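> how would this look folded up:
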Amino acid sequence: MIKTMKADEIFRNVLNELYDKHHPSKHPFFQHLAVFPTEELRSPTLLGELHLRYQAACHATRVMVYHLPYFNSPKLRIRKLRILIDDDGLKDEDTHHYQLTRAFSNIGAELVIEDDEFGDLDKLKKILDPATTKFVSLVQDLYPRSLGPWCVVETLADDWMRALMNSLSVHFPLIKEEPYFADCFDQGIEERHAREALDLTNTILLKSPELLETTIEDARLMAAEIDDFWSGLSFLLRNSKQEMPIS
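Have a look, this model is predicted:
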């Protein structure tokens, strides 16, 4: 007789499946970025647009973490707060948001908007491209509904940050020393977040297994949407190359 799996075991298996299928370093965008002509990538306008889209997507996930459901007990709220502190409460206010902007500014990006203009998500969407707008909208919809999308983002984050750093370092070798990447990897921040997100979600699912179906459904939606976001950045690179003037 086959033992019936518990909700946490089922979700763990689903998350492993989603990682195998969707881990970002497999996406063509990162290869496109690595082989993109360096002189063309050095365009302040192109780098500024890459920064805007990537920062907007990350900003959305940081904002909506504050709206995650089911963390009602003091113990769970404390554990959630530790994750929030990693993203938004670093010493000297040197948050991941500011670190990312500084990294792009140091390689020559022309900022489309200033850091503190990344505020209300509905206002932000008015200046974004359709693909990034779609990503932000889904994060707004899914994060308050279940913990699945958050788990997916935290599970994939270390992989996509490494892929982004490695692709950009082909053109800008010093970017590996930027705190946005170096501090995060030295301290294993995203790997720790992935473990904690899964553990917290499994704690909730064990208490409320009726949440499993929605949690899995939303996790799958988020994983597919992350793929679409990278595809939008690939389109940006292709479109930018086509628009380059012929010398």
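> If you average the pLDDT over stretch 68-82, what comes out?
Computed over stretch 68-82, the mean pLDDT rounds to 86.
> Return the distance of it from the chain's centre.
21 Å (CA atoms, centre = their mean, to the nearest Å).
> Now it: buried residues?
Leu68, Tyr70, Phe71, Arg79, Lys80 (16 or more other CB atoms under 10 Å). Backbone N, C-alpha and C define where each C-beta goes, glycine included.
> want to try JSON lines for those, with secondary structure and distance to Glu114 as columns?
Formatted as JSON lines, the buried residues of stretch 68-82 follow (DSSP: H, G, I helix; E, B strand; the rest coil; distance: CB to CB, whole Å):
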{"residue": "Leu68", "secondary structure": "coil", "distance to Glu114": "28"}
{"residue": "Tyr70", "secondary structure": "coil", "distance to Glu114": "35"}
{"residue": "Phe71", "secondary structure": "coil", "distance to Glu114": "32"}
{"residue": "Arg79", "secondary structure": "helix", "distance to Glu114": "33"}
{"residue": "Lys80", "secondary structure": "helix", "distance to Glu114": "29"}
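> can you tell me which of those lies nearest to Lys125?
Closest to Lys125 out of those is Leu68 (20.7 Å), distances taken as CB to CB.
> Dihedrals phi and psi, that closest one?
phi -60, psi 140 (degrees, to the nearest 10).
> Correct me if wrong: it contacts Pro149.
No: checked against CB atoms under 8 Å, the pair Leu68 and Pro149 is beyond contact range at 9.4 Å.
> Helix or strand with the lowest mean pLDDT in this structure?
helix 74-88 (a mean of 79; mean pLDDT, DSSP states H and E).
> what about the longest helix along the chain, average pLDDT?
If you go by DSSP state H, the chain has its longest helix at helix 212-243. Helix 212-243 comes out with an average pLDDT of 93.
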